[in-house]
Every structure is written in C-alpha cells, then in structure tokens.
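**Student:** Build me a model:
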Amino acid sequence: MEEVPSPMAARGEKPVLHGKYEIGRQLGHGTFAKVYLARHVDTGEHVALKVVPKDKIFKAGMMEQVKREISAMKAVSSHPNIVELREVLATKSKIYLAMELVRGGELFSKISRHGRLREDAARGYFRQLISAVDFCHSRGVFHRDLKPENLLLDEGGSLKIADFGLSAFASHLHADGLFHTTCGTPAYVAPEVLTKKGYDGAKADIWSCGVILYVILAGVLPFQDDNLAAMYKKIARADFRCPPWLSPDARRLLVRLLDPNPGSRISVQRILQSGWLARPGPPGAAMARSTSAPELRRLSPPEQLNAFHIISLSRGFDLRGLFEEEKGMMRFATREPASGVISRLEEAAARAAGGFCVEKSERGVRIEGQRRGRKGPLAVAAEIYAVAPEWLMVEVKKDAGDTLEYRSFCSDELRPALKDIVWADHPAAA
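**Tutor:** So this is what the prediction gives:
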C-alpha cells in the first residue's frame, strides 16, 4: 500500500489500520480506489477494505460523489441483498470503507462463463433484486447504475447490490421533482434519461432491472448496435425481441419492464404481483446449458473493457477524427473533471479572434461570438455527461451561425485546447 498506517509493516508484519483491521492482499482496483482483503483484529471477521486517496478525488472534483456513495450505503446496507457498509475510517491522506466481503464474484461473470439462467434460477435472483431496489427507493436512494457487473453473489448464492457511486437521494431532485443528470452504463440506461428533460429515479432503476432480467434469461443484451447513437434509438423505441424459449409470463413481464413510456412502465408493486414472479423459484443459481459462443461474445466484453471503450469503438464516437463531418459535431471521452473541461473551453474562447463570451449551465457551456459572421454570430454549445464515475463524455456542436466558421473555430481553437484531455488509450484513437 502507498501509506502504511502502522509501524508493524516495518517489521514485515501486516499493517493494522487504527488498531482494528489487519490489511492483507489487494483484491482489485479502479481509477481512484483500491480494495484489500482485511481482517478485524478483535472478531477475526474478514471484510473488503476500499481505500480512496483524498488527493486524487479532490483533484478530480469527486469528493461530493464519494460522500454521496457513503451516505447511500449507510442508508440501505441493512437489507440482506445489498452489500453492507460496516464502517468508515480515515487518515490524513485516505478514506477507508470497510464493507461486507462478498466472495461469490459478479453475476455478470457467472452468466458469461456458463450462459443464460433457467427461469426458476432467474426468478430467485430477480426477486432478490427487486426486493433490494424497492428498499432503496423506500429510503429515498436511487442507484442509477444497475447492471449485472454491480450484482455480486455471496457464498450461499444470494445476490448483493454493490457500487452506489452514481446513486442519488430524493433530496437531490430538481424543482420539477425529477433528476436531470445523464449517467449510467449505456446499454442499461432508460430512454427518458437520454432525453435531457428529466426523469424519475425509481422508474429509471426499474428499466435497468428489466434489461438485467433480459440478460440473465437470454444471455444477450436486448439493445445492441455497433453505433451508440443507433443503440439509443433502439432503446427509445424499446426495439427488442423476446427469445422463443421464454415462457409467456416472462415475455409479458419484460414488455412491461421495458416500456419506453415511464408513465405506464410497471411499478415495483405490480412486479411483485406479476404471475411470473409469483411462481416458486429457488434463490440459487442453477444454470442452463451454455449459450452459444456468438451470444457470449456479444454479451461479454474483455475484462478491461469499460463504457468508454465501447463508446470509442462505435462509429459515432470514433476518436481517430475528433470532428464528425456529417453531423457537424465533436464527441469525446475524457478523464478530466467537468471543471477542467469547462476551463479548456473558456481558454479556447478567450484565444479566438473577434471575442467570445461564455455562458455556463448545469449541463456545460455555450460559447457565443461577439462578431457577426455570414449567418449571424457564431455560437457553440458543449454539453458534459457523466457516463461512469471516473469518465465524462463531452458533446460539442454548432448552436448558431455559419458552418464554415464553426469548422474553422473547431480546427483552430477547440482541437488544440482539448487535444491532451481527450481519452486516447487504444490504437484507434492514435
């Protein structure tokens, strides 16, 4: 570890945090945090210890998000199907989250290895998922990133919801009673989240539960396309087909869950009363015979693939050309915090000839020229979306004025200002 909170490590022994947790091997890591196996000194119980460096999250502007994650876990971790947060500790440089150790791995990995579930096994998992989601909503917590990768299995085969990094509370609702932050994993996001008009957090979570149910029953995603924009169109229309091997009750439930109209989408109460869920089914995870290899390849990206790898590989987000000629739009992924992106846009506006003013909004910035061009003053709008905790997507487009002037502004000012913050960690971006 980067910081040893005990002099024991100097003698070759395992470090002990605050005299409570003996810290062992690393279990995993993300962009900002590492997770270690730890043992409670007094009880001998093992936990997963998430270690978050304060300097990194301050630099990334994510301290409020970490606080929100901790608050959400504290509010809901008493439910048996949610990973329990035991306690939070801190040193001068790090935050430590001692969480329940869940040893069975991800539901996603199990499906990827063995194929789709039989309906009785799927029913047991889905019943646990809906129970936990209903509990979260009753506590005013909305997960906003439900997917099989965030569903863990304990040694007994019970499901546990994890990763509340994108969660929100009812207290964060806007004056219209809706959320307006576009976030989540593209294939699991509800259509209303993409419209930028606001959405009900509970209804959006239910849609994600519907996608999860489809995945565990079919072994593939319901909405798939190489182009992210095309996939979003399928999501907006709920353009999917139920596999022929599903029972009529399962098909009816999926159609109700994946209703593109949140007003008529099935509620948790109706889900619990549905004919399919009312049937008896074990909570365990009996697997059907393996799905075909093509299905598994479509469902399972390589281990290191994340949401922005998928974005970069789709035609609409090809980073080999920052500017899209057909649509007159730039889209790119970045690890830079929103404040850093906005600063770069402001710098580009300040350097541009003719003078530009910048107006900030909750979604991004609007840059407007002071000089009248061929079709009036040029205006450029930049919107910023949180797709994952450590990643942002930025969309830049002409809002007014002449297209040639817009292209010149992008080429001469925006490209140089943004070049070193555009994510380019794969060959296609070189």
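
**Student:** Contacts only, for residue 72.
**Tutor:** Neighbouring residues of residue 72 by Cβ atoms under 8 Å, 6 or more residues apart in numbering: 141, 164, 167, 169. Using the backbone N, CA and C atoms, a C-beta is placed for each residue, glycine as well.

**Student:** could you point out which element follows the helix or strand hosting residue 122?
**Tutor:** Residue 122 is part of helix 119-138 when elements are defined by DSSP states H and E. Beyond helix 119-138 on the C-terminal side, the first helix or strand identified by DSSP H and E is strand 141-142.

**Student:** Quick check: mean pLDDT of that next one?
**Tutor:** Averaged over strand 141-142, pLDDT sits at 96.

**Student:** Tell me how far that strand lies from the chain's centre.
**Tutor:** 14 Å (Cα atoms, centre = their mean, to the nearest Å).

**Student:** Can you list the strands that that strand pairs with?
**Tutor:** strand 168-169 (antiparallel) (DSSP bridges).

**Student:** so the helix or strand that the partner strand is followed by versus helix 119-138, what angle?
**Tutor:** Later in the chain than strand 168-169, the nearest helix or strand by DSSP H and E is helix 201-218. Orientation check (axes from the mean of the first three to the mean of the last three Cα atoms, to 10 degrees): helix 201-218 against helix 119-138 gives 170 degrees.

**Student:** Going by neighbour count, which residues in the next helix or strand after helix 201-218 are buried?
**Tutor:** Counting by DSSP H and E, the element after helix 201-218 in chain order, helix or strand, is helix 228-237. Of all the residues in helix 228-237, those buried under the rule 16 or more other Cβ atoms under 10 Å are 228, 231, 232, 235.

**Student:** and helix 228-237, what's its mean pLDDT?
**Tutor:** For helix 228-237, mean pLDDT is 91.

**Student:** Then stretch 279-294?
**Tutor:** Averaging pLDDT along stretch 279-294 yields 44.

**Student:** repeat for stretch 249-265
**Tutor:** 96.

**Student:** before we move on, the earlier item: tell me how far the helix holding residue 122 is from the chain's mean position?
**Tutor:** 20 Å.

**Student:** Check which helices and strands it sits against.
**Tutor:** Applying 3 or more Cβ pairs under 8 Å, 6 or more residues apart in numbering; DSSP states H and E, one finds that helix 119-138 makes contact with helix 63-76, strand 159-161, helix 201-218, helix 268-273, helix 275-278.

**Student:** low-confidence ranges in the stretch 51-200 of the chain?
**Tutor:** Applying pLDDT under 70 to the predicted model, the stretch 51-200 of the chain contains no residue that meets it.

**Student:** and if we set it to 90?
**Tutor:** Counting by pLDDT under 90, the ranges of the stretch 51-200 of the chain that qualify are 56-65, 104-106, 108-116, 155-157, 165, 171-173, 175-177, 181-186, 194-197.

**Student:** Centroid-nearest residue for this protein?
**Tutor:** The centre of the chain sits closest to residue 184, judged by Cα atoms, centre = their mean, with a distance of 3.5 Å.

**Student:** what's the spacing between it and residue 146?
**Tutor:** Separation of residue 184 from residue 146 (Cβ to Cβ, to the nearest Å) stands at 8 Å.

**Student:** anything in contact with each of these two?
**Tutor:** Between them, residue 184 and residue 146 share these contacting residues under Cβ under 8 Å, 6+ apart: residue 208.
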